[in-house]
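> Okay, predicted coordinates and the sequence, questions at the end:
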Amino acid sequence: QPQLVESGGGLVQPGGSLRLSCVASGISLDHYVIAWFRQAPGREREGVSCIRSKNGDTKYLDSVKGRFTISSDNAKNTVYLQMNSLKPEDTAVYYCAARWGPTSNWDRPSWYDYWGQGTQVTVSS
C-alpha cells in the first residue's frame, strides 16, 4: 500500500522560511504527480504546488509563485516544498498527495489517490 509521510512543519515568524518534506513509499516518483495542498480552518483544501519529475513539470498557486519552490529527489523518493517569505495567510495544515499521470487539473483534491497525514505550518509573530 503506497504511503506518504510529511514532515518539516512548525511555527515561524512572518518573512521566515520552512522546508517541507514528503517521503513516498510504494510508488515511483517517475510515474506520479506529487502535489502539496493546504487547508486552513474553515476553508477548502487548495492546491499549492505539484511536480511531475519525469518531465520536470511544475505548477504553483498564484499566491505562492516566487516564494515557494517544489523539487524532488528521486533517489530518496522525496519531494520538497521550500517556503520562503512566509505570510500569516500561509498558515494551514499542509498535505502531500500523489496521483498517476499528467499534471492537468493538478489542483483538484479529488484527482489524487494517496494522501499523507499532514503537517501544521503556523506563521505568526
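Done, it's in. Numbering: from 1, shown residues only.

> okay, CA-based contacts and neighbour counts for the rest of this
Noted.

> which residues does the nearest residue to residue 6 once chain neighbours are set aside contact?
Closest residue to residue 6 apart from its sequence neighbours, by C-alpha to C-alpha, 6 or more residues apart in numbering: residue 22 at 4.4 Å. Shown in contact with residue 22 (C-alpha atoms under 8 Å, 6 or more residues apart in numbering): 4-7, 78-80, 96.

> any idea how far residue 125 is from the residue sitting nearest the centre point of the chain?
Centroid-nearest residue in the chain: residue 36, 2.0 Å away (criterion: C-alpha atoms, centre = their mean). The spacing between residue 36 and residue 125, counted by C-alpha to C-alpha, to the nearest Å, is 24 Å.

> what do you get for residue 76?
34 Å.

> just residue 64 next, same as before
20 Å.

> Same check on residue 2?
37 Å.

> ok so, going back, what about the residue nearest to residue 6, which helix or strand?
Per DSSP states H and E, residue 22 falls inside strand 18-25.
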